[in-house]
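Q: Pasting the sequence and the predicted model now:
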Amino acid sequence: MGHVIVVDLGFGDAGKGTVVDHLCRTSPVTAVVRFNGGAQAAHNVVAGDGRHHTFAQFGSGTFTPGVRTHLSRFMLVDPLALAAEADHLRRLGVGDALDRLTVDRDALLTTPYHRAANRARERARGAARHGSCGMGIGETASYALAHDDAPRAGDCLSPARLRRRLAAVHGWYRASFPSGEDVPDVAACADAFIAFAERVRIVGGGHLHGLLRSGDVVFEGAQGVLLDERHGFHPYTTWSTTTFANAETLLDEAGASAARLGVLRTYATRHGPGPFVTEDAALIAALPEPHNGTGPWQGAFRAGHLDAVALRYALEAAGGADGLAVTHLDVAGARPDLRVCHAYATPDGRLDRLPAGGGGLDRQAALTRRLASARPVYAPLGRPVATIEDALGVPVVLTSHGPSAADKRPTGQPFSRNPGTLRRTA
């Protein structure tokens, strides 16, 4: 199979986790590497025996014995959320998840103070909320940009330094939000983080190089390209690079490369506020969503028709993909009323493509305003795989007709062993 990078081409929730689970069950995979986001990720995997887990920080291949998880330096690691996730996996019969986990020492740490600041800031926005997950991801990233002493995973191996850095974050939170929610004191937080370091392996950057030499690795992205911090529709974005870029940086450093696999549904979804041109209230009411719903911070889960304009934009922003995985084909088979949007009607005329390039937040905010007045130009969805290949110009290499690995079907266009490509075969 070779190394593969799995990225969602939409707003998230397209099924990255179930695709990663399939890859790990059907090919010899050494490890899953997480390369963006943090504990706010929610990758739902349903095993063949019905066990369900929402993977946040552990790789979605963890149900497969022997597959390791590596949290790269681009991850924002929340030790408390990680412990809770490991506990749920243990109850499902996966007792060695922490034994199979490594964490890069340079990965930023998300603390209870970041989480509380995130929620306070989102509450203060009132009706103008951005749709944050309330997990402290943006606050972790923004704090690190402003403070060279932001806590990192390696600090958990040095208790005195860890306490100093946690105390600084605690002081920042209290000064910024005097009436914010109660948080654990620094001593209690430090004790929990030190215990985390005693339980997992914290490693240097060379560890990933060894993993890449020892066998095939799947790089599992979080969120989706349309939420990217530079390419998404500001301000309804994440503080994370959601394209292939971080994974390719890690691969370049190791002298390796990987195939790019983009994941999308047969229809569009979005969790929380922000532009959504093809949103259809009738679909929201009709389509079952057992693992997604309205959240106290993100807001409502929304659904709409397949948006080829937005997907073309995502592909261009991400630098292209070598192949596609299309999920929820079972839904498309049961819903002949699904459509595809090939263009937008705007006050300035018909728009077939959105300008990509990541030209700064002001430019992305202007694009957000432009989308507010756009209306979809529809055609019948027809045969979803053929429609998607024709609209996006990328081959579909994997289809998914349900939540488990058994519901996945290769299309006959397998992963190439040539680095960086997924190609058609005769």
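A: Ah, there it is.
Q: Please report how far His88 lies from Leu98.
A: Computed as Cβ to Cβ, to the nearest Å, the His88 to Leu98 distance reads 12 Å. Where C-beta positions appear, they are placed from N, C-alpha and C, glycine not excepted.
Q: So between these two, which is more surrounded?
A: Leu98 (20 against 15; other Cβ atoms under 10 Å).
Q: wait, doesn't the more buried one sit right on Arg201?
A: No: if you go by Cβ atoms under 8 Å, Leu98 and Arg201 don't touch, sitting 9.4 Å apart.
Q: low pLDDT regions in this protein?
A: 127-134, 288-299, 358-359, 414-426 (pLDDT under 70).
Q: do that again at 80, thanks
A: 124-134, 285, 288-300, 357-359, 413-426 (pLDDT under 80).
Q: just the helices in it please.
A: 16-26, 79-91, 112-125, 137-146, 159-176, 186-199, 206-214, 245-253, 281-286, 308-318, 329-334, 361-372, 384-392 (DSSP state H).
Q: buried ones in the longest one?
A: By that I understand helix 159-176. Leu162, Arg163, Arg165, Leu166, Ala167, Ala168, Val169, His170, Trp172, Tyr173 (16 or more other Cβ atoms under 10 Å).
Q: Run through the residues that contact the fifth one.
A: So that's Ala167. Val186 (Cβ atoms under 8 Å, 6 or more residues apart in numbering).
Q: Distance-wise, check it relative to Thr110.
A: 16 Å.
Q: Equivalent analysis for the last one, please.
A: Tyr173 sits 13 Å away from Thr110 when distances are taken as Cβ to Cβ.
Q: okay, the helices of the chain in TSV with distance to Ala56 next?
A: Output for these, formatted as TSV (distance: least, Cβ to Cβ, whole Å):
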stretch	distance to Ala56
helix 16-26	10
helix 79-91	6
helix 112-125	13
helix 137-146	11
helix 159-176	21
helix 186-199	15
helix 206-214	20
helix 245-253	17
helix 281-286	25
helix 308-318	23
helix 329-334	25
helix 361-372	27
helix 384-392	29
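Q: burial count for Tyr378?
A: 15.
Q: With Tyr267 as the reference, measure out to Ala303.
A: For Ala303, the distance to Tyr267 - Cβ to Cβ - is 6 Å.
Q: Which neighbours do those two have in common?
A: Leu283, Leu287.
Q: For the buried residues of helix 159-176, could you give me a markdown table that also reports distance to Leu351?
A: Output for the buried residues of helix 159-176, formatted as a markdown table (distance: Cβ to Cβ, whole Å):
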| residue | distance to Leu351 |
| --- | --- |
| Leu162 | 51 |
| Arg163 | 54 |
| Arg165 | 48 |
| Leu166 | 49 |
| Ala167 | 51 |
| Ala168 | 47 |
| Val169 | 44 |
| His170 | 48 |
| Trp172 | 43 |
| Tyr173 | 43 |
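Q: Going by distance to Asp155, which of these wins?
A: Distance to Asp155 across those (Cβ to Cβ) is lowest for Leu162, with 4.4 Å.
Q: Check the gap between Asp148 and Arg165 for me.
A: 10 Å.
Q: Kindly apply the preceding question to Ala334 instead.
A: Following Cβ to Cβ, the distance that separates Ala334 from Arg165 is 52 Å.
Q: Let me see the contact set for the residue nearest to Gly402 when sequence neighbours are not counted.
A: Of all residues not flanking Gly402 in the chain, Asp330 sits nearest, at 5.5 Å (Cβ to Cβ, 6 or more residues apart in numbering). If a contact means Cβ under 8 Å, 6+ apart, then Asp330 has His401, Gly402, Asp407 as its contacts.
Q: Ramachandran coordinates for the first one?
A: Just to be clear, that refers to His401. Phi and psi for His401, reported as degrees, to the nearest 10, are phi -120, psi 20.
Q: before we move on, what about the second one?
A: Backbone torsions of Gly402, given as degrees, to the nearest 10, read phi 170, psi -180.
Q: I'd like to know how many residues surround it.
A: Neighbours around Gly402, by other Cβ under 10 Å: 15.
Q: do the same with Arg260
A: For Arg260, using other Cβ under 10 Å, the count is 26.
Q: what's the distance between it and Met1?
A: 13 Å.
Q: Same question for Asp21.
A: Distance from Asp21 to Met1, by Cβ to Cβ: 14 Å.
Q: between the two, which one's more packed in?
A: Under the neighbour definition other Cβ under 10 Å, Asp21 and Met1 were set side by side, and Asp21 has more, 32 against 17.
Q: I'd like to check which residues are in contact with that one.
A: Val45, Ser60, Gly61, Phe63, Thr64, Ala405.
Q: What's the separation between the last one and Asp330?
A: Distance check for Ala405 against Asp330: by Cβ to Cβ, it reads 15 Å.
Q: repeat for Leu311
A: For Leu311 relative to Asp330 (Cβ to Cβ), the value is 20 Å.
Q: Then Val77?
A: Distance from Val77 to Asp330, by Cβ to Cβ: 35 Å.
Q: And Ala84, by the same measure?
A: 31 Å.
Q: ok, how many other residues are close to the residue nearest to Ala97 when sequence neighbours are not counted?
A: Nearest residue to Ala97 in three dimensions, chain neighbours excluded: Leu89, at 4.6 Å (Cβ to Cβ, 6+ apart). For Leu89, the neighbour count with other Cβ under 10 Å is 20.
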